[in-house]
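> Structural data only, the sequence is not supplied:
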């Protein structure tokens, strides 16, 4: 029953971990939002501050023009141009379009003023012309005029030269407000006459009064008023100078004129007050929107910022995702730890319960191991005896032929002697009969001698091989002789299996080793080939082949190849070929110890290595690397299987 609470605790820990992870993700997202919001506010405040600071710089320039008129009283066109050029505004502050002086001209003085300007500016282009005429509803011969007299630079601003602001109600209102207030006054959204591209702009103007006249009241200012100095802006140029272009890759900026300061803000839904739009009027996918304002010479500009999706003001998904994944992994690990501790406790109980049983069975296992080792040793001995028995059976079968031939010939010879004696006793012996008897006797003796000689050779080979395999005596021997003697003892089995053996070993390849061990290895390889490599003998089928060859390597080793063209082996069989008791013919004549004995003899007694190559249908190739001088003391196989 203790497992169930532990399991519940594991699930509860996982659930709590998930809740804490979700809470942490929310904190991370909140911190991100706060940081992004602070960065967005900081950037937008900087835009507003930079815009306000730059406008104050330009307005200071306007005040310097106002001071010029206040000091000199009357300024001619050359002095005005020289003063503007000395300011070097085009290089220092290129965001303006023009600096102007707008002269107040009474209603009855336009003709005289125009004539005087033409005389003074005869070398200027374009020619001075007061334009445009006032609208029909505003025409009044007693109305005053406010005409642009000085215009710097003239290039690009020709259309403004001679412009009468009295014909433009919005511009006239700004001029009159500047005259009456004595302050710099900016216009609302204005389409500049000198800008053919029709980009929005605005004009800031400061009043100019006659020297030594009071300006404390509106009436006094109107009486002393002689005109206004003006600075003309195209808003695109101004903001291009103020706003960092890199910033506009992450947000859009709209600048709208909200009207005079202190008045109710104008609604600009129709775009009538739009001064600037970095988005080009297109709808953008904004992640956040912020607004602030800048006061511009008695007017208020509303600055609206929209952070672009995917910009630096967008929320990064990586931190909360990493926190979520980390929390999920930690929660899972804690839950798994609790569950594992439960399983560990159970396993500990089981281990403690079975420890005594295992300790008690160790002695029994050791005894069983000894029994198994003894049984394995007995099986190996039986395998050796079985190999020797096969050797005896083969030799016995081989001896049957020459001994049988000798016995048959001897019997026939005895019959011929009896027949000869009868002829001799009867006295009817003829010379031709004597000569025939002598020829038959000579032939019989030759057959008997040849057969007995063959039997003697077989017995000698058998004696040498059997003595070598049973005595395990070390001696110096010729490798070719040992191989041929071993193959000779298997002549009958090879003939029945329709197998031909080719031995290609040069005479004189001497080894100081154990011929019995080598013969046993060759016997097991031949038996293995006959049992596993070649199928049942089919009448008329092509014979199978075994090839045995050897060559010396560096004078210290011999490379012995044993190959057959049988059915081959797959990778699984090849991998287990030296395992004890492994056989593909278990119960069908295979004990599973033949190749195990081969490995032990080659790597132990003979001190060499063995390597087997095979593939299904490609036959088998066994490569033995044997030292010409075997180790004096049998050692464990330290030359690994290749």
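Noted; the coordinates are in hand. All figures in this text were calculated on a predicted structure; none of them were measured in a lab.

> Which stretches in the chain count as helices?
According to DSSP state H, the chain carries its helices in the segments 3-72, 77-87, 89-92, 110-120, 169-181, 218-224, 235-242, 318-426, 431-471, 479-488, 491-496, 515-528, 571-575, 594-600.

> Identify, out of those helices, the most deeply packed stretch.
When neighbours are counted by mean count of other CB atoms under 10 Å, the highest per-stretch mean among the helices of the chain falls to helix 515-528, a mean of 24. Every residue, glycine included, has its C-beta placed from N, CA and C.

> Does anything pack onto that helix? Which helices or strands?
Helix 515-528 sits against helix 318-426, helix 431-471, helix 479-488, helix 594-600, strand 620-627, with contacts defined as 3 or more CB pairs under 8 Å, 6 or more residues apart in numbering; DSSP states H and E.

> what mean pLDDT would you report for that helix?
Helix 515-528 comes out with an average pLDDT of 88.

> That helix versus strand 620-627: what angle between them?
Here helix 515-528 points in a direction 170 degrees away from that of strand 620-627 (axes from the mean of the first three to the mean of the last three CA atoms, to 10 degrees).

> ok so, going back, residue 198 is nearest to which of the helices of the chain?
Counting by CB to CB, residue 198 lies closest to helix 235-242 out of the helices of the chain; the figure is 11.3 Å.

> can you give me the mean pLDDT across that closest one?
So the average pLDDT for helix 235-242 ends up being 89.

> next one: it to chain centre, how far?
A distance of 48 Å separates the C-alpha centroid of helix 235-242 from that of its chain, computed with CA atoms, centre = their mean, to the nearest Å.

> How about stretch 8-28?
Relative to its parent chain, stretch 8-28 has a centroid offset of 32 Å by CA atoms, centre = their mean.

> Stretch 403-411 now?
Between the centre of stretch 403-411 and the centre of its host chain there is 85 Å, according to CA atoms, centre = their mean.

> sorry, back to before: list just the one of the helices of the chain that sits closest to residue 210.
Ranking the helices of the chain by distance to residue 210, with CB to CB as the measure, places helix 218-224 first at 4.8 Å.

> starting at the chain centroid, how far to that closest one?
Distance of helix 218-224 from the chain centroid (CA atoms, centre = their mean) equals 82 Å.

> re earlier: of the helices and strands packed on helix 515-528, give the one that comes closest to residue 507.
Shortest separation from residue 507 across the helices and strands packed on helix 515-528 is recorded for helix 479-488, at 5.2 Å, computed as CB to CB.

> Check the gap between residue 502 and residue 558 for me.
According to CB to CB, to the nearest Å, residue 502 and residue 558 sit 18 Å apart.

> Which of those two has more residues huddled nearby?
Between residue 502 and residue 558, counting by other CB atoms under 10 Å, residue 558 is the more crowded of the two (21 against 11).

> confidence score at that one?
Residue 558 is assigned a pLDDT of 94 by the prediction.

> on that earlier part again, any chance of the helices of the chain in TSV, plus distance to residue 626?
Written out in TSV, the entries for the helices of the chain read as follows (distance: least, CB to CB, whole Å):
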stretch	distance to residue 626
helix 3-72	63
helix 77-87	108
helix 89-92	99
helix 110-120	125
helix 169-181	116
helix 218-224	127
helix 235-242	93
helix 318-426	20
helix 431-471	15
helix 479-488	9
helix 491-496	24
helix 515-528	8
helix 571-575	22
helix 594-600	12
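
> So which of those is nearest residue 131?
Shortest separation from residue 131 across the helices of the chain is recorded for helix 110-120, at 10.8 Å, computed as CB to CB.

> outside of the closest one, which residues touch it?
Residues outside helix 110-120 that contact it (CB atoms under 8 Å, 6 or more residues apart in numbering): 76, 77, 103, 105, 127, 128, 129, 130, 145, 147, 149, 162.

> one more time with 6 Å
Outside of helix 110-120, the residues within contact range by CB atoms under 6 Å, 6 or more residues apart in numbering are 105, 128, 130, 145.

> Tell me how far it lies from the chain's centre.
82 Å.

> now stretch 171-180
Taking the mean C-alpha point of stretch 171-180 and that of its whole chain, the gap between them comes to 71 Å (CA atoms, centre = their mean).

> same deal with stretch 294-308?
If you compare the mean C-alpha spot of stretch 294-308 with that of the full chain, they lie 50 Å apart, counting by CA atoms, centre = their mean.
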